[in-house]
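K.L.:
this is a predicted model, with the sequence first.
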Amino acid sequence: MNVRTAQELALPVGVTLDRFIMHSQSAFPYATGELSQLLRDIALAGKIINREINRAGLVDIAGANGTENVQGENQQKLDIVANIRFIRALKNGGEVCAILSEEDEDIIHTGNNHGKYVVAMDPLDGSSNIDVNVSIGTIFSIYRRVTLISEPASMADFLQGGRKQIAAGYILYGSSTMLVYSTGDGVNGFTYDHSLGEFILSHKNICSPAHGNIYSVNEGHYNSYPPFVKNYISHCKSKSYSGRYIGSLVGDFHRNLLKGGVYLYPSTKTDPKGKLRLLYECYPLAFIAEKSGGKASDGFGNILDIIPDSFHQRSPIYIGSAEMVKDVIKL
């Protein structure tokens, strides 16, 4: 039997999220401590959702709820649970004056009108995969409000555009639970240690490979894709690239971020404007991609340069390794 020495048992566990935030605060665009607390609130909600997901099959919170959200999509029970948990955490934290969620049509006012930030989020992306134990995730985007402090937040606070994000990230609930985020100065990943109840820095300064050999697209919709997308898929096959598609946006994006690859969600005949939501799916992942050296495009220009005109606006997206996204756009 391999007996570990006392020295080995006493090795440091690593840098916790709280400690990392504290030491990195001087690099934040707004080093006030409030953004730090907001990130901690998101991490806390992530821990709670991680617990709910892990026991979903035991307490009957897996499966469909029998209702639809504002997008017209069937809600899963955990969609509703995740939405409630994140809203509650952000309200109690006190730093957020308003929230925009995929699950709600209008702005959710927290009552904290002195809060300096607003958050746009998809509380549980890929929730249709819950029943089959496939990775799912939370996506979030943080803005500094533009309306007057003490006044209720308005549409203008959320429609600033992707370049105005001051932080963004995602939580991946899979074989391990990871929080990946950026405040504009690099991208860092933290893995949840269940025994400590802490997120531990595991992926420091993530740099996405400039090229890769993975393409992620739902080929079941091939006949509905624009010609240039079909041409790119043929190009990938001619290069013997690996087709990898989970059907969970966060899971597919995370794999390509680390290994190198491109994720495609084009427009189709039934969804000519694309299907992914700009504010709380495309913007935050494009922010992470760009800060790690990757790219994100709608096929015409940079995702972050699109000026939004509605809360639940949709967009096509081609995101991942910089050279692979360039190859898509060339076609």
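P.N.:
Nice, thanks for sending it over.

K.L.:
from the centroid of this structure, which residue is nearest?
P.N.:
Nearest to the geometric centre of the chain sits I139, at 2.8 Å (C-alpha atoms, centre = their mean).

K.L.:
separation between it and S101?
P.N.:
11 Å (C-beta to C-beta, to the nearest Å). In this view, the C-beta of every residue, glycine as well, is placed from N, C-alpha and C.

K.L.:
could you name every residue contacting both of the two?
P.N.:
121-122, 280 (C-beta atoms under 8 Å, 6 or more residues apart in numbering).

K.L.:
which one of those residues sits closest to E151?
P.N.:
E151 lies nearest to M121 out of the shared contacts of I139 and S101, by C-beta to C-beta, at 22.1 Å.

K.L.:
make sure the closest one is indeed in a helix.
P.N.:
No. Read with DSSP: H, G, I helix; E, B strand; the rest coil, M121 is strand and lies in no helix.

K.L.:
in the stretch 151-300 of the chain, which spans are helices?
P.N.:
With DSSP state H, counting those that start in this stretch as the criterion, the stretch 151-300 of the chain has helices at 155-158, 227-238, 249-259, 283-291.

K.L.:
can you list the buried residues in the third one?
P.N.:
In other words, helix 249-259. 249-259 (16 or more other C-beta atoms under 10 Å).

K.L.:
closest one to F190 out of those, please.
P.N.:
Using C-beta to C-beta, the buried residues of helix 249-259 come closest to F190 at H254, 12.9 Å.

K.L.:
just to check, the closest one is in contact with I171?
P.N.:
No. Counting by C-beta atoms under 8 Å, H254 does not reach I171; the two are 10.3 Å apart.

K.L.:
now do the strands in the stretch 201-331 of the chain.
P.N.:
214-216, 242-243, 262-265, 276-277, 295-297, 314-315, 317-320 (DSSP state E, counting those that start in this stretch).

K.L.:
pick the most buried one from the ones you listed.
P.N.:
strand 317-320 (a mean of 29; mean count of other C-beta atoms under 10 Å).

K.L.:
would you turn the helices of the stretch 151-300 of the chain into JSON lines with distance to N92 and mean pLDDT?
P.N.:
Listed next are the helices of the stretch 151-300 of the chain as JSON lines, based on distance: least, C-beta to C-beta, whole Å; pLDDT from 0 to 100:
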{"stretch": "helix 155-158", "distance to N92": "20", "mean pLDDT": "96"}
{"stretch": "helix 227-238", "distance to N92": "44", "mean pLDDT": "96"}
{"stretch": "helix 249-259", "distance to N92": "25", "mean pLDDT": "97"}
{"stretch": "helix 283-291", "distance to N92": "22", "mean pLDDT": "98"}
